[in-house]
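In: give me a 3D structure for the following:
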Amino acid sequence: MAPTVAAGHTMSPPKNPDAATGDDGMLDRPQSAPAAPLAKSAFRDIRDGFLRPDVWGRLGWLEIKRRYRRTTIGPFWNVISLAVFVATVGTVGAGLWDQNAREYLPYLTSGMLVWLMISASANESCVLFIANSHLFRNGAFDFSMLAYALVWRNFIVMLHHLVVYVVLVAVLAPGLVTSATLLVFPGLALLMINGVWVSLLLGMFCLRFRDVQQLVASLIQISLFMTPVFWPADQLQAGTARSLFVHYNPLYHAVQVVRAPLLGEVPAAESYFAVIAMAVAGCAVTAWVFSRFRKRLAYWI
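Out: As a prediction, the model looks like this:
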């Protein structure tokens, strides 16, 4: 039988050893409770978010699964789209710029798979906090984990695009795979570091000023034609005003640190310098903006 309570006596709730009792007899918050998200500093947010790959890795993977739910081949639709694009544009481009197809098609493919990663990261950054507001409005959540998840899922998509490059090179130009190809790994690492600060910075600006999203989309479209992705960089004569689109174009250098190794070449020192400088300057600016406005993000939704 269940134990009974004697008349005139009430059962007192069990004591929580982690809870402190205030002067008014009410239970205060447990001493071991996690700090509220707004109480964190920007540096702790970025550090703690980076140390949780189990969370942002899962978020990135689940987003990919959500996008291709109920499809048969899932993200490989991206592979088919890129393959059709390379086949059509590559045929026209090889004739337009008088290029050998065996050289131009790997050039176009390697440039496009890097560009798609950059452009997708920039466009998705504009809705980084808007689309994920439910994750941090009702509980403790590091804002930086959203940026890590965004970069991670676009890296996974880029690996799917890489299938097109591997097949193309295996058929047309297997000699492009050299020891310099290993430099693709530091190039991708630099690209992902820049992707994190771009995601945070654009995410904050677009959350506060919604018109920035349209501006970013327009600039990305224009930049595709101004950056040597379709057309070879050596088509512009050195020393001319048009060569500014190459040497002073940060997007060109961001593409080149990955594309050059995929073509069996060592990236130029100026490309590494430009990408590293972007990473240092961008991280510094983003850290300052994030530390100043981090506590307001939840109120800008």
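In: now the element after the longest helix seen in the chain, going C-ward?
Out: Ranked by residue count and defined by DSSP state H, the top helix of the chain is helix 144-172. Downstream of helix 144-172, the next assigned helix or strand under DSSP states H and E is helix 184-208.
In: packing partners for that next one?
Out: Packing partners of helix 184-208 (3 or more C-beta pairs under 8 Å, 6 or more residues apart in numbering; DSSP states H and E): helix 101-125, helix 144-172, helix 212-226, helix 250-262, helix 269-293. C-beta: built from backbone N, CA, C; applies to glycine.
In: pLDDT (mean, whole number) over it?
Out: The predicted model gives helix 184-208 an average pLDDT of 94.
In: got the buried residues for it?
Out: Buried residues in helix 184-208, defined by neighbour count with 16 or more other C-beta atoms under 10 Å: 184, 187-188, 190-207.
In: compare the helices and strands packed on helix 184-208 and give me the one nearest residue 89.
Out: Nearest of these to residue 89, taken as C-beta to C-beta: helix 101-125 at 6.8 Å.
In: tell me what angle that closest one forms with helix 250-262.
Out: Counting by axes from the mean of the first three to the mean of the last three C-alpha atoms, to 10 degrees, helix 101-125 lies at 130 degrees to helix 250-262.
In: ok, residue 45 touching residue 147?
Out: No - contact between residue 45 and residue 147 fails when scored by C-beta atoms under 8 Å: they sit 10.3 Å apart.
In: which of these two has more neighbours?
Out: Applying other C-beta atoms under 10 Å to residue 45 and residue 147 shows that residue 147 carries more neighbours, namely 29 against 20.
In: contacting residues for residue 97?
Out: By C-beta atoms under 8 Å, 6 or more residues apart in numbering, residue 97 lies in contact with 104, 231-232, 235.
In: one step back: does anything pack onto the longest helix of the chain? Which helices or strands?
Out: Packing partners of helix 144-172 (3+ C-beta pairs under 8 Å, 6+ apart): helix 42-50, helix 53-67, helix 76-96, helix 101-125, helix 184-208.
In: how far does it sit from its chain's centre?
Out: In terms of C-alpha atoms, centre = their mean, to the nearest Å, the gap separating the centre of helix 144-172 from the centre of its chain is 11 Å.
In: could you check the pLDDT of the nearest residue to residue 104 once chain neighbours are set aside?
Out: Nearest residue to residue 104, sequence neighbours excluded (C-beta to C-beta, 6 or more residues apart in numbering): residue 94, at 4.5 Å. pLDDT, residue 94: 80.
In: related to what we said a few turns ago, compare the helices and strands packed on helix 144-172 and give me the one nearest residue 289.
Out: helix 184-208 (6.3 Å).
In: okay, angle between the closest one and helix 269-293 too, please.
Out: Using the same axes, to 10 degrees: helix 184-208 against helix 269-293 is 30 degrees.
In: which of the helices and strands packed on helix 184-208 is buried the deepest?
Out: helix 250-262 (a mean of 24; mean count of other C-beta atoms under 10 Å).
In: how close does the nearest residue to residue 256 once chain neighbours are set aside get to residue 48?
Out: Excluding the flanking residues, the one nearest residue 256 by C-beta to C-beta, 6+ apart is residue 271, at 4.5 Å. From residue 271 across to residue 48, the span is 33 Å (C-beta to C-beta, to the nearest Å).
In: just to be sure, residue 264 is in a helix?
Out: No - looking at residue 264 with DSSP: H, G, I helix; E, B strand; the rest coil, it is coil, so not inside a helix.
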